[in-house]
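> quick one, what's the 3D model for this:
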Amino acid sequence: MPKDLLTVSLIQTSLYWHEVEANLAMLEEKIWQIGQPTDLIILPEMFSTGFTQAAENVAEPMNSRTFRWMRQQAAQTQAVVTGSYIVREGQQYYNRLLWMKPDGTFSHYDKRHLFRMVGEHNVFSSGNTQLIEELNGWKVCPLICYDLRFPVWSRNQVKADETLLYDLLIYVANWPVARLQAWETLLKARAIENSCYTIGVNRIGEDGNLVAYSGNSLVSNCKGNVLADLSNQEQILTIQLSHQDLAEYRQKFPVHLDADSFRLNPPKRD
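Okay, here's the model as predicted:
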């Protein structure tokens, strides 16, 4: 049986532009400011550099400094630490989310939908595999920023036993203030259509390309009700999610049993 209460900590912060060491030092301090036991710590997209296409200058191989830093933070806090950063494998670059566990084991998800409006698809390679992780009996699906606009990719599939694939959907992001309404609307929509909790963790401040971010990291329950909104302030929020509340809603309102079944086709890319 899943643990009823899952404790999740969201870190909403500004980021130093292309300064990996400065960001890791700043985030380490904020992690320790959580000040209470937590199960999961969520950082923004490209938390070590800001959202940049200068992959050649700031990318790291796996098992380098950011990877080792995440392993250290997970071990010290005894919590899963997740967020994305730029990884180089051979001649390819990935916007890669790492799911780092306290025991040092990990998995990863490579951003599926690359933001072509700034040329991300010309620099990074796209992922093609969804990640579902288990945490205290909860099933968690972590995704990245622009993925939020594509409901098919995040669709909560119904399994043979008529249960759902995941309980919590996470988006780590650098989502600009210019499209704030879409951010808030889509996070609630993903929660409603997938009968799950949804969390979006965004950054604040301005990046090196003069793009402004207002944060508005958000936690929604399966009804689309906002449980927390971090507004535009630099802050840390720890919140508890109830699996019992989710299970009761799914039992009383099993909309997932009437969902259309489908399979994803291999993507066509430029």
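
> which parts of the stretch 1-150 of the chain are strands?
Using DSSP state E, counting those that start in this stretch, the strands of the stretch 1-150 of the chain run over residues 5-12, 40-42, 80-89, 92-100, 106-110, 133-135, 138-144.

> got a markdown table for the ones you listed, with distance to residue 65 and mean pLDDT too?
Backbone N, C-alpha and C define where each C-beta goes, glycine included. Listed next are the strands of the stretch 1-150 of the chain as a markdown table, based on distance: least, C-beta to C-beta, whole Å; pLDDT from 0 to 100:
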| stretch | distance to residue 65 | mean pLDDT |
| --- | --- | --- |
| strand 5-12 | 19 | 98 |
| strand 40-42 | 18 | 99 |
| strand 80-89 | 10 | 98 |
| strand 92-100 | 13 | 98 |
| strand 106-110 | 15 | 98 |
| strand 133-135 | 23 | 98 |
| strand 138-144 | 21 | 98 |
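
> looking at the ones you listed, which is buried most?
The highest average neighbour count among these, using mean count of other C-beta atoms under 10 Å, belongs to strand 40-42 at a mean of 25.

> which elements pack onto it?
Judged by 3 or more C-beta pairs under 8 Å, 6 or more residues apart in numbering; DSSP states H and E, the packing partners of strand 40-42 are strand 5-12, strand 80-89.

> what are the pairing partners of the first one, and which direction each?
When you say that, I think you mean strand 5-12. Here strand 5-12 is paired, per DSSP bridges, with strand 40-42 (parallel), strand 235-242 (antiparallel).

> deepest-packed of the ones you listed, please.
In terms of average neighbour count - mean count of other C-beta under 10 Å - the standout among the strands paired with strand 5-12 is strand 40-42, at a mean of 25.
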